[in-house]
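>>> Got a predicted model here, sequence first, then my questions.
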Amino acid sequence: MIPKFPLFVTLILGGLLAWQWLTDHVFRSGMLMIGVPLWLILIGLWWALRLKGARLKRLGLFVLGFVVVVTAFRFLVRYEGSADGSAFPSLGWRWQKKASLPELHNIAGTATTTASVPAGVIDMPRFLGPAGDGVLPEPSWQTDWKKHPPREVWRIAMGDGWSGFAVIGNRAITQEQRGKEECVTCYDIATGKLLWSHADEARFDEAMGGIGPRATPTVDVVKGVVFTVGSKGLLNCLDLATGAARWSRETIKEAAAKTNLQWGKSSSPLLVGDFIVCSGGESGLSLIAYRKDKGEIAWKAGEDGGSYSSPVLRTLAGREQIVNVNNGSVTGHDPATGAVLWRFDWPGAFPKVAQPAQITPERLFVTSSYGVKCHLLEIKAGADGKLAATSIWSSSHPRTKFSSASVFGTHAYASDEGTFCCVDLTTGERGWREGRYGFGQQIRVGEQWMLVQAEKGFVALVKANPERLEEVSRLEALSSKTWNPPTLAGRWLLVRNDREAVCYEIPAK
């Protein structure tokens, strides 16, 4: 007969853990890390104290065993951050050395490059495409990758960081950590050869989120410059051709934030007319705009701090505006002055990362996770002409956490705590939920396709179907944790993580 106490403890802790994993609860990994040691401690104490006579001896053996295990773990095992977006730990032996890459310092390029742009390359100057909405044109390439497999053009080692690529002509630009230096690096898209590098002495290292810069560069093609925001908020303006620094600003300090965001700045800067606009820190101002030419402050706006989402330019209720997800709200701003046009309270102590998705000329879909509900917002002008935002409905799904939703008509497709799902935008109800793509990223391509960068490294081509998951093709691109957004520059696909980057050419139709 199984003793009652071990059975009771096992049923309670096991049942709670099973429920959290079956429902993909946001804190399931935390429960596992707490629940298993707790079960072992409780069972050990029960064994030591259950019988009279030798309790002290058994208790001593239990304490000795506990100390040995903890000591061995402390000196033999190394914590290497989160294994995935659920915060499940990644562990390694302390004697195993991590591969390191050489520091790049400031390596100048040449403004008179003769390299031609490969056929099929289309400029992709910023995070999530030209409009920053994750919506790209109809594919000009083959969608059946078994019959027409993409060609691997190059594969190179990459420094730490979760930045994506911006592509202009033959130049592919990203951010990566090399030792003590946070680098902006430019590679030839045809060869993977380093064209130039700009380095700043800065290093962000957070136990769960990892090392290095997070934001994707933004390129001003007309001015021939690259704007980047580092993990600690350093805004750089660099020459596109050579990487030479034109100016830089400390956005966290100038936004009057007391501290940086807990998991580091990850929002890409936004080009609006003569301004480059950045979000703020943990507190203080929400947005700060600089003049592109010299870097002078043009305006400051908001008082809710920033978030991990990037500011975007949208036209809502007939008015062009900057939409920004803040620490505890969503706001619309006048692009010329930064004045707040409308504000929707969206409190929550955990990070907001996803980009707002525009559904109609008056509606936005904002999503998050960690128990923070999604909202379908409607922005309208009142009788006095002032804009106001109201929630049409709220829902607990999708729980996007790191990624953003892709909208096709009346349905949104997104990662729901690591599993792909479809949500009816008319009701907020979740339909199907399948496809273990983890905490990856995706972009919409044309009227029926989504390119999904899975957290485990592979890339999936998914067809939008409100009835079921329809994965059409798959590409085994990377083989380790990938939180970086993919970049589809025409028929050229660039994906990377904190270890390597790979470039593919997808066959033309």
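Now that the structure is in, tell me what you want to look at.

>>> quick one: contacts for the nearest residue to G428 once chain neighbours are set aside?
Closest residue to G428 apart from its sequence neighbours, by C-beta to C-beta, 6 or more residues apart in numbering: S395 at 3.8 Å. Backbone N, C-alpha and C define where each C-beta goes, glycine included. Going by C-beta atoms under 8 Å, 6 or more residues apart in numbering, S395 touches 373-374, 423, 428-430.

>>> again, but for H375
Neighbours of H375 in contact, by C-beta under 8 Å, 6+ apart: 344, 346, 365-366, 391-394.

>>> ok, 10 Å please
Contacts for H375 (C-beta atoms under 10 Å, 6 or more residues apart in numbering) come out as 330, 344, 346, 356, 364-368, 389-395, 428.

>>> For G65, give its distance to R58.
Here G65 is placed at a distance of 10 Å from R58 (C-beta to C-beta, to the nearest Å).

>>> the more surrounded of the two?
Comparing G65 with R58 by neighbour count (other C-beta atoms under 10 Å), the higher total belongs to R58, at 17 against 12.

>>> I'd like to know how many residues surround W432.
Close neighbours of W432, defined as other C-beta under 10 Å, add up to 15.

>>> tell me the SS of it?
When classified by DSSP: H, G, I helix; E, B strand; the rest coil, W432 comes out as strand.

>>> what's the answer for L364, then?
Here L364 is recorded as strand under three-state DSSP.

>>> Could you pull up the residues touching it?
L364 makes contacts with 314, 316, 323, 325, 330, 332, 344, 356-358, 375-379, 389, as judged by C-beta under 10 Å, 6+ apart.

>>> Filter these down to the buried ones and hand me the PyMOL line.
In PyMOL, this line selects whichever of the contacts of L364 come out buried by 16 or more other C-beta atoms under 10 Å:
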select buried, resi 314+316+323+325+330+332+344+356+357+358+375+376+377+378+379+389
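
>>> can you tell me which of the contacts of L364 are in strands?
Among the contacts of L364, DSSP state E puts 314, 316, 323, 325, 330, 332, 344, 357-358, 375-379, 389 in strands.

>>> closest to W483 among these?
Among these, V325 lies closest to W483 (C-beta to C-beta), at 18.2 Å.

>>> correct me, but N236 touches Y290?
No - if you go by C-beta atoms under 10 Å, N236 and Y290 don't touch, sitting 11.3 Å apart.

>>> what residues are shared contacts of the two?
Any residue near both N236 and Y290 by C-beta under 10 Å, 6+ apart counts here, and that gives 227, 247, 249, 269.

>>> State the pair within those residues that is farthest apart.
W247 and P269 (13.1 Å).

>>> who has more neighbours, those two?
P269 (27 against 16).

>>> how near is the more buried one to V219?
Using C-beta to C-beta, P269 is found at 10 Å from V219.

>>> any shared contact partners between these two?
126, 227-228.

>>> so what's V452 up against?
Neighbour list for V452: 403, 406, 413, 415, 420, 435, 437-438, 440-443, 458-462, 471, 474, 486 [criterion: C-beta under 10 Å, 6+ apart].

>>> actually I189, not the one I typed
With contacts defined as C-beta under 10 Å, 6+ apart, I189 is in contact with 115, 117-118, 121, 153-154, 165, 167-173, 195, 487, 489, 492, 494, 503, 505.

>>> What about it? Give its phi and psi, please.
phi -70, psi -20 (degrees, to the nearest 10).

>>> hang on, the earlier thing: quick check: neighbours shared by W247 and P269?
With C-beta under 10 Å, 6+ apart, W247 and P269 have common neighbours 235-237, 290.
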